[in-house]
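Novice: coords below, sequence missing:
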């Protein structure tokens, strides 16, 4: 059944929102003011619609730059002119704070796309007639969209698509779906293959040859080494960090630098900092040029990489890194008493357990980094109710073309 709708505005997930018969309907790839023809999406929530045709386009509509846009599920927004898109993304933060009754200044959005994404996961699946597909997940589907290029990637990922095909082909006999994670490092591509299960020695040998042929810095399978031609390293401040297999990094180099610059500015008077959810040290290794650091994370590999980098870098203040699950064992107020500043950058689920303990402490300054505005406002409310004042929020856009937005905020009491 074909419906004709007028889009009212772009919602928080990047879909156009229309109102019909007292309910909200969501139409991807549409803009406010547009008149569109849509159809229901079988098997999906009844409020979802599929765009068939734009009858009357918004003057803000532009031509997407990628041939796979609308099929590939990676980007939600390439069809909106830049300034309106940027205003919308900042407004996501403004509205979420307002809904939580948190009053503070929201600074201009920082564009941190830079040269593009330095981390991707490509999927390899068997399609119909036993045809191998290697690419990204389709929009709202488990199907795979084979791609030959992706224009939002850092140049350091050039060769990743060819390497993914070369890795997936010899693993076809396993019949298992593969997830192949690529990270662009200063010494080449770091690749971790997941989903294959145990492999016979002949296939390990074949993968080693693929790694050599494609000049991969390192190839691992579920974190276990297949071949390392050279250690995969990145620069963080003055330090050189050798990445553990499959390690988390900020999506873009520019994104990491923008977030770190904001954190450093907010910590400029700190003497002793606790860096919570520290990862491989994007903040700790920079902050250590001026402050003593105690860093904590549940990822033992990341903590070891951070400690090794700090120990081997001259000119840094003391850095002590410790493996600790801050969700199950948050730092308690008595453990926080020696610090004058806390930095926390949790995963998308936020840091509720840790923030509750932070709120009960006497820490004068807390700096929050978040990739999820909803969990940020939940955690911020805990701090504010305990007497902290929020001094402003800066949104950072390293996930350009998506509804995801990062932010940094400073709390003081």
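Specialist: On my side now, so go ahead. Here the structure is a predicted model, which is why all the values come from computation and not from measurement.
Novice: helices or strands next to the lengthiest helix in the chain in the packing?
Specialist: The single longest helix within the chain, with elements called by DSSP state H, is helix 82-99. Other helices and strands packing on helix 82-99, by 3 or more C-beta pairs under 8 Å, 6 or more residues apart in numbering; DSSP states H and E, are helix 373-385, strand 389-397. In short, each C-beta sits where N, CA and C put it, glycine included.
Novice: avg pLDDT for it?
Specialist: Regarding helix 82-99, the rounded mean pLDDT is 97.
Novice: what sits up against it?
Specialist: Residues outside helix 82-99 that contact it (C-beta atoms under 8 Å, 6 or more residues apart in numbering): 10, 12, 60, 77, 80, 103-104, 106, 108-109, 111, 373-374, 377, 393, 395, 397, 403, 405, 407.
Novice: Report the buried members of those residues.
Specialist: Among the contacts of helix 82-99, those buried by neighbour count (16 or more other C-beta atoms under 10 Å) are 10, 60, 77, 80, 104, 106, 109, 111, 373, 377, 393, 395, 397, 403, 405, 407.
Novice: Make a markdown table out of the helices and strands packed on helix 82-99 and add mean pLDDT and distance to residue 180.
Specialist: A markdown table is the format used below for the helices and strands packed on helix 82-99 (pLDDT from 0 to 100; distance: least, C-beta to C-beta, whole Å):
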| stretch | mean pLDDT | distance to residue 180 |
| --- | --- | --- |
| helix 373-385 | 97 | 29 |
| strand 389-397 | 97 | 27 |
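Novice: Tell me which of those approaches residue 361 most closely.
Specialist: Closest to residue 361 of these, according to C-beta to C-beta: helix 373-385, at 10.5 Å.
Novice: Which other helices and strands does the closest one contact?
Specialist: For helix 373-385, the packing partners by 3+ C-beta pairs under 8 Å, 6+ apart come out as helix 82-99, helix 352-359, strand 365-370, strand 389-397, strand 406-412.
Novice: Residue 242: which of those is closest?
Specialist: Residue 242 lies closest to strand 365-370 among the helices and strands packed on helix 373-385, at 23.5 Å (C-beta to C-beta).
Novice: relative to strand 389-397, how tilted is the closest one?
Specialist: Interaxial angle of strand 365-370 relative to strand 389-397 (axes from the mean of the first three to the mean of the last three C-alpha atoms, to 10 degrees): 30 degrees.
Novice: measure the residue nearest to the spatial centre of the chain to residue 238 for me?
Specialist: For the chain, residue 251 is the residue whose C-alpha lies nearest the centre (C-alpha atoms, centre = their mean; 5.3 Å). Applying C-beta to C-beta, to the nearest Å, the value for residue 251 to residue 238 is 23 Å.
Novice: do the same with residue 203
Specialist: Distance from residue 203 to residue 238, counting by C-beta to C-beta: 41 Å.
Novice: if you count what's nearby, which of the two comes out ahead?
Specialist: Per other C-beta atoms under 10 Å, whichever of residue 203 and residue 238 has more neighbours is residue 203, with 17 against 14.
Novice: can you pull the contacts of the more buried one?
Specialist: Residues near residue 203 by C-beta under 8 Å, 6+ apart: 170, 171.
Novice: Where does it sit: helix, strand or coil?
Specialist: The three-state label given to residue 203 by DSSP: H, G, I helix; E, B strand; the rest coil is helix.
Novice: Over to the one 4 residues further on?
Specialist: For residue 207, the assignment made with three-state DSSP gives helix.
Novice: Could you find the closest non-adjacent residue to it?
Specialist: Distances taken as C-beta to C-beta, 6 or more residues apart in numbering put residue 226 closest to residue 207, at 5.1 Å, once the chain neighbours are dropped.
Novice: Relative to the whole chain's centre, how far out is the strand or helix carrying residue 257?
Specialist: Per DSSP states H and E, residue 257 falls inside helix 253-266. Centre-to-centre, helix 253-266 and its host chain are 15 Å apart (C-alpha atoms, centre = their mean, to the nearest Å).
Novice: Ok, stretch 121-133 next?
Specialist: In terms of C-alpha atoms, centre = their mean, the centre of stretch 121-133 is found 25 Å from the chain centre.
Novice: looking only at pLDDT, what's the mean for that stretch?
Specialist: 88.
Novice: and that stretch, how far apart are its ends?
Specialist: Using C-alpha to C-alpha, to the nearest Å, the end-to-end distance of stretch 121-133 comes out at 14 Å.
Novice: swap in stretch 154-166?
Specialist: Per C-alpha to C-alpha, stretch 154-166 runs 20 Å from first to last residue.
Novice: May I see the buried residues of it?
Specialist: 154, 156, 157, 159, 160, 161, 163, 164, 165, 166.
Novice: what's next to that stretch, contact-wise?
Specialist: With contact meaning C-beta under 8 Å, 6+ apart, stretch 154-166 is reached by 114-118, 120, 122, 124, 134, 147-150, 153, 180, 182, 184-185, 189, 191, 210, 213-216, 252-253.
Novice: Return the subset of the residues you listed lying in helices.
Specialist: Among the contacts of stretch 154-166, the ones falling in helices (DSSP H) are 210, 213, 253.
Novice: how close does residue 378 sit to residue 116?
Specialist: Computed as C-beta to C-beta, the residue 378 to residue 116 distance reads 31 Å.
Novice: my bad, should have said residue 145
Specialist: Taking C-beta to C-beta as the measure, residue 145 falls 18 Å from residue 116.
Novice: Equivalent analysis for residue 43, please.
Specialist: From residue 43 to residue 116 the distance is 33 Å (C-beta to C-beta).
Novice: With residue 124 instead?
Specialist: Counting by C-beta to C-beta, the gap from residue 124 to residue 116 is 22 Å.
Novice: Give me the more crowded residue out of those two.
Specialist: A count of neighbours by other C-beta under 10 Å puts residue 124 above the other of residue 124 and residue 116, at 25 against 21.
Novice: Are we agreed that residue 404 is in a helix?
Specialist: No. Counting by three-state DSSP, residue 404 is located in no helix; its state is coil.
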